[in-house]
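Visitor: sharing a model prediction with you, sequence too.
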Amino acid sequence: MARFTIEGVAERSGAAKTTIYRWWPSKGVLAMEAYHSEVAATLSITDGPSAIADLHKLLHLMAQVFASTTGRVLAGLIAEGQTDPDTLAAYREGVLEPASCGGASSAANCAGISISTQPWTRSTARCWRGCC
């Protein structure tokens with residue numbers, strides 16, 4: 001993230017810095033949006049034979065992303081979020097609180113699992129895409 005600058009984006013895109021800042025309040029938010037765009041297709045899965053199999057496949061895909069250059073970019077974005085509240089908010093909204101899932105109870109219900117008997121955590125359930 002240290003070498004990523006709004007000035008560089010403006011130069012490569014041909015847009016004014018003010019235009020970029022109008023759409024993205026910080027470089028971290030812009031980078032987080034680009035990250036989500038890149039990863040969304042990678043983490044897209046089709047319905048399999050069971051919700052458990054789908055979750056297994058999704059977690060396997062996530063592990064591949066985290067082990068790649070893209071995962072190192074995410075680590076940089078998380079670090080950026082420590083000093084930039086806008087980046088942290090973008091991370092929370094895009095990664096921790098996906099609009100497609102309502103938390104652990106929702107994911108467990110969609111998977112047909114009783115939340116009271118399974119060791120689900122909020123972070124695991126939030127990884128679930130398209131559960132409802």
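Guide: Thanks, I have it. Numbers count the residues shown, from 1 in each chain.

Visitor: low pLDDT regions in the protein?
Guide: By pLDDT under 70, the low-scoring segments of the chain are 96-132.

Visitor: this protein: helices as residue ranges?
Guide: 6-13, 17-23, 27-42, 51-66, 69-81, 85-91, 104-111, 122-127 (DSSP state H).

Visitor: those into TSV, with extra columns for mean neighbour count?
Guide: Any C-beta I mention is one placed from the backbone N, CA and C, and that applies to glycine too. Formatted as TSV, those follow (neighbours: other CB atoms under 10 Å):
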stretch	mean neighbour count
helix 6-13	12
helix 17-23	12
helix 27-42	17
helix 51-66	15
helix 69-81	16
helix 85-91	19
helix 104-111	18
helix 122-127	16
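
Visitor: which ones are touching the closest residue to Tyr21 other than its chain neighbours?
Guide: Nearest residue to Tyr21, sequence neighbours excluded (CB to CB, 6 or more residues apart in numbering): Ile6, at 6.7 Å. Each residue near Ile6 by CB atoms under 8 Å, 6 or more residues apart in numbering is listed here: Lys17, Ile20, Tyr21, Lys27, Leu30.
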